[in-house]
Every structure is written in structure tokens, then in C-alpha cells.
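Asker: take a look and give me a structure for this.
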Amino acid sequence: MLLKFARLVRHSIQKYPVLWLAAISSILFFTTSFVDVHTSRPLGDEPHYLVISQTLLKYHSLDVRLDYYHQDYYAFYPEYLGPHLSPNVYGQLLPLHNIGGPVLWLIPFALFGRLGAMWFMSLVSVLIILNIYKLLLTMHIRQSYAFLVSLAYAIASPLFIYSHLNFIEPIGALLCIYVFRKVLQETVSVSDVFISSVCLGILPWVHTRFVLLEMILFFALLFKIYQQNKYKNWKYYLWYLLPVMALFVFMEVYSYKVWGTLNPAINILNDIGAHYKSFAVLPFAGLLGTAFDQNYGLLVNFPLFIFLFIGAVLALKKKFLAYNLLILAVSIPYIILFTSFSAWFGGTSPPARFLIVLLPLWAFYLAYALEQINSILSKLVFGGTVAYGFIYSLLTIKDSYNGINNGQGNRTLVYLQTLLHMHRDHLTAYYPSIFLPNQTRLFVAWIGLFVGFSILLIYSNSLQVKIKSFAGLPILLWRKQKSVHRETSDERNASQHQIDLNEVIADETLLIETKQHTGER
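Answerer: The predicted model follows:
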């Protein structure tokens, strides 16, 4: 009965993979949002984004000081909230954060409050998962691997954590992956270029940090349209250029009227705390911490992404040249930009905040690594890392801090220590941290571990074949010996049979001769 049910489910997944991904992701994300809104409060930048939405609704203004002064935010943050403000050129204090996210979730927030904004982010996260699946199919990944990797992103990546939080990075991720996969399609339609243009136009409204991504993707898709149409079908160019240009002009008008300048990044440049100014520090610490820091690192907290680097090595082929070049063009400038912030980690936030925008674009490397290696070890590592990431994400929901760290030790690990009654040994002591002294050995150990495992996984398929051949050698020898013994035995039997036959023939000949002699007499 269970086997029959499993076959039915498998057949259904093969027939309706998009529906299954949407259902699983929706149940997971929307349910965790509902639970989270009743068990924890917004932290980090979350309440300040919600303050912008609340001010727009209540005061029809961007003067968030009114909301902070009257403490209207107590509706979702029941204690004092220090304001996040930035002055315009006239000295008026305005919201530090971009208004794109708060405007996009304004209607759900007006209907359901903070839960509405969280459900909006859950919907965004579901759409990211579906776009990952479509991107992998576009890159000719087999359907089974495309489904598994998309599901892994849903349950064992930072996307799961951010799906019920009000950080704006998932919005940027959705806008980017949609345009990105259109660039890689064989052909694009007028509706494709129109929607892509709108997505590109919205990106800087969500955060001016995304302007770099907008520019690269804009020219990449423009070149795609040129390759497809040359100088014909001008409607493609028209529908592509009009929305993004209109949103750009609108943003310039907004910047000039509200901030007194045409520079759309003035809110960040005038940041009172100055935590997010470009090239404030060298990017080396940020690069190391983004990968391996216990508070904010991707690989330490979500080891599933070890397959990214393996896939990048295996995909160094001519047929993937366009994808690799586009990934480099999008990723390198953006990573250098945020790792040169003094707050490269994104402030008080869960791990890999700034990388969320790029992770869906990198999904091909993960899927390609799994598809090409296809060994027992790779399957075990994939399953184990997915389980680890899923458990880690569930613990962040159970923890009142939602997996949000402030550089003083990974709070999810601290919560796990409490559950396991680990009073003497601390899990955090085995994970490296940029914010603590004397961490060189830990960083070297973790880097060595990941490099060693990566090499082992790359060669695991050939090793598996060799192990099988060595393991099968005694059996082959035994079978050969048995075959030789059988052949020898058969030869002996045949020889004995021939001797017996000759004896019979001799006896019969003697009998005939005897009869002949008797007759003559």
C-alpha cells in the first residue's frame, strides 16, 4: 500500500512538478510566517521598513519621525524603537531605507498589518523557487535534478529564513532571477521584455545597491533582443525601453523633489551611522566572513552550497560560456561592493543577507554538480546537507530571535546548546567568527575541510568505479576459477565418455566376429 502511494506521488511530481513546488513552498512559507508573527517581533531593519509603510498609510507622508514620535510602531514592535533616519540636502530627516519594499507590500500591510507584509514576502519567496526551477530547465538540467535542487533551495537555504521576514533582499532576488533567465532563453517574447523592463525599473526603488545588477542585466537583455531581432521588430525595443526609462525618470523626480538632489543614493550617503558607504574598508574580511563566519557565513550555516563551487569548476566548458560570463559580470562587482561596507554582514540579520540576491542565479552550478557527479557520496552529502539546513532553519523559527545575529555568536547554535543542555562545551567554540580574536586556526580548518570535501566529491564518481572494480576482483577470480574447473571437468567427462563409447564399439565388434565364426562352422 505504501509503495503504491509512493509511486503515485512520484508520478504526480513528474507530471506536475511546478504545482508540487508551489504547494510545498507555499505551505512551508505561509505557515511559518503565521507562526512567526505570533511568537516573535521584527528585528534589525525589519521594523523600520514597516514604519515607512505605516507612515504612508496613517500620515500620507514620508516623514517617519511622526510614527517614531507617536510610537505608532507599537502595533508590531511593543517597545522603544530607535529611529533610522537620513537628512536630505535641506536638513530634513527622512527614512534611511528605500521605499520600494514598503510600497510594494503596502496593500497587504493595510489589510493584515505585519502579517500581510510577511505573507507578501512568502509569496515572493515561492516565486523565486519556481523561477529557479524554470532557470534550471532552461539550462537543460534534467527535470528530476531541477526539482530536487529547487526544493532544496526552499527548505535548506537562507531563502527559507527570509521568506517570513521583512528584509528586502528576496524582492531583489526575484526581480533579478526573472530577467536573468530571460537572457538565457533561446527566444524572448514582447511580454517577456516588457515584464523584464518593469523588474529592472523597480530594482533601484527597492535598494540603490541593486543599481549595479540593474545595469548589467539591462545591457545583457538588450544584447539578447539585438541577437534575436537585429534592427527589425522595433516593438521589442520600444516595450523594453519605455517602462525602465519611465521608472528611472520617476525616481529622478522623486529624488529631486524629496531629497533635493538627482542622486538616488543620497539616503545611503547621508546615513548618520555611515555603515553602508562603498569602499569604506578592504573587502577581504567581508569575503571571508560572508563564506565562513558563524554569524553571517553562507557555507558554515548552509553547507548545501559546497556544491556551488564544485559545479563552477565542472561547468568550465565552452557550451556554458555565456552563463559563466554573465554570472561573473553580475556577481563580482556586487560582491566587492557590499564586502567593502564596514557593515558587510548587513547589520543585525540572519546569515547571507546580501548574498540572497545572487543565490538563485547560482542554482545551475549546484544542480550541474549533482547531475555530473551522481555518486553515492554526492547523494549522501546532498541529503545530509539538506537535512542540516532544514533543521537549522526550523530552529531559527523556534528561537525568538528568528536566526537574526548581531555578531556576538550564532544565536541559533546558542539555542541548540540550550536544548541539548550543553553547559560546559559550546557549539559556537567550534565555528569561526570574524568578530572574535584568535580565530585563524578555525578559519584554516573550515576552509581546508570544504576544499578537501570538494575535491573528494569531484573525484567520487571515478573513485566509486575503482572501488567497485577492486571489490569485484575476488568475485571475478572466483568465477574464472570456477569456469576453468568446470571446463576441465567437462573435458574429463567428455574423454571418459569417449573411452566408454570406444569400449562399447569394441565389444560389439567382437560379438559380431564371434557370430560370423560360429555361422561358418
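Asker: hmm, residue 346 and residue 406 touching each other?
Answerer: No. The criterion here is C-beta atoms under 8 Å, and residue 406 misses it with residue 346 at 11.0 Å. C-beta: built from backbone N, CA, C; applies to glycine.
Asker: can you pick out the residue with more neighbours from those two?
Answerer: residue 346 (24 against 15; other C-beta atoms under 10 Å).
Asker: now residue 366, nearest residue through space, not along the chain?
Answerer: Distances taken as C-beta to C-beta, 6 or more residues apart in numbering place residue 307 nearest to residue 366, at 4.5 Å, with adjacent residues excluded.
Asker: now do residue 26
Answerer: With sequence-adjacent residues excluded and distances taken as C-beta to C-beta, 6+ apart, residue 26 is closest to residue 126, at 5.4 Å.
Asker: ok, now which ones touch residue 92?
Answerer: By C-beta atoms under 8 Å, 6 or more residues apart in numbering, the residues touching residue 92 are residue 63.
Asker: so how many other residues sit close to the residue nearest to residue 366?
Answerer: When neighbours are counted by other C-beta under 10 Å, residue 307 comes out with 26.
Asker: what does residue 190 give?
Answerer: As a burial measure, residue 190 scores 13 neighbours (other C-beta under 10 Å).
Asker: list the contacts for it?
Answerer: So residue 190 contacts 235, 236, 239 (C-beta under 8 Å, 6+ apart).
Asker: could I have the buried ones of these as PyMOL selection syntax?
Answerer: PyMOL command restricting the contacts of residue 190 to the buried ones, with burial defined by 16 or more other C-beta atoms under 10 Å:
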select buried, resi 236+239
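Asker: out of the contacts of residue 190, list just those in helices.
Answerer: Those of those mapping onto helices are 235, 236, 239, per DSSP state H.
Asker: closest to residue 220 among the residues you listed?
Answerer: The closest of these to residue 220 turns out to be residue 236 (C-beta to C-beta; 14.8 Å).
Asker: from residue 299, how far out is the closest one?
Answerer: From residue 236 across to residue 299, the span is 41 Å (C-beta to C-beta, to the nearest Å).
Asker: with residue 137 instead?
Answerer: 27 Å.
Asker: more neighbours: these two, which one.
Answerer: residue 299 (21 against 17).
Asker: helices of the stretch 301-450 of the chain, start to end?
Answerer: In the stretch 301-450 of the chain, the segments counted as helices under DSSP state H, counting those that start in this stretch are 306-314, 321-339, 363-373, 376-398, 411-419, 440-458.
Asker: which other helices and strands contact the fifth one?
Answerer: In terms of contact count using 3 or more C-beta pairs under 8 Å, 6 or more residues apart in numbering; DSSP states H and E, helix 411-419 is assigned the packing partners helix 376-398.
Asker: quick one: buried residues of the helix it packs on?
Answerer: Neighbour-count burial for helix 376-398, counted by 16+ other C-beta under 10 Å, picks out 377-378, 381-382, 385-386, 389-390, 392-393, 395-397.
Asker: between those residues, which sits nearest residue 245?
Answerer: Closest to residue 245, out of all of the buried residues of helix 376-398 and judged by C-beta to C-beta, is residue 393, at 40.1 Å.
Asker: wait, that closest one sits on residue 156?
Answerer: Yes. Applying C-beta under 8 Å, one finds residue 393 in contact with residue 156, separated by 7.0 Å.
Asker: about what we covered before: out of the helices of the stretch 301-450 of the chain, which is closest to residue 189?
Answerer: helix 321-339 (19.7 Å).
Asker: alpha carbons of the one helix or strand residue 47 maps to, in CSV - could you do that?
Answerer: Per DSSP states H and E, residue 47 falls inside helix 46-59. Below are the C-alpha coordinates for helix 46-59, written out as CSV (Å, rounded to 0.1, in the frame of the first residue of the first chain):
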residue,chain,number,x,y,z
GLU,A,46,12.5,45.0,9.6
PRO,A,47,10.6,47.3,11.9
HIS,A,48,12.0,50.4,10.2
TYR,A,49,10.7,49.2,6.8
LEU,A,50,7.3,48.6,8.4
VAL,A,51,7.4,52.1,9.9
ILE,A,52,7.7,53.5,6.4
SER,A,53,4.5,51.6,5.3
GLN,A,54,2.7,52.7,8.5
THR,A,55,3.6,56.3,8.0
LEU,A,56,2.4,56.3,4.3
LEU,A,57,-0.9,54.8,5.4
LYS,A,58,-1.5,56.9,8.5
TYR,A,59,0.1,60.2,7.7
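Asker: buried residues, it. List them.
Answerer: Residues of helix 46-59 classed as buried: 46, 47, 48, 49, 50, 51, 52, 53, 54, 55, 56 (neighbour count, 16+ other C-beta under 10 Å).
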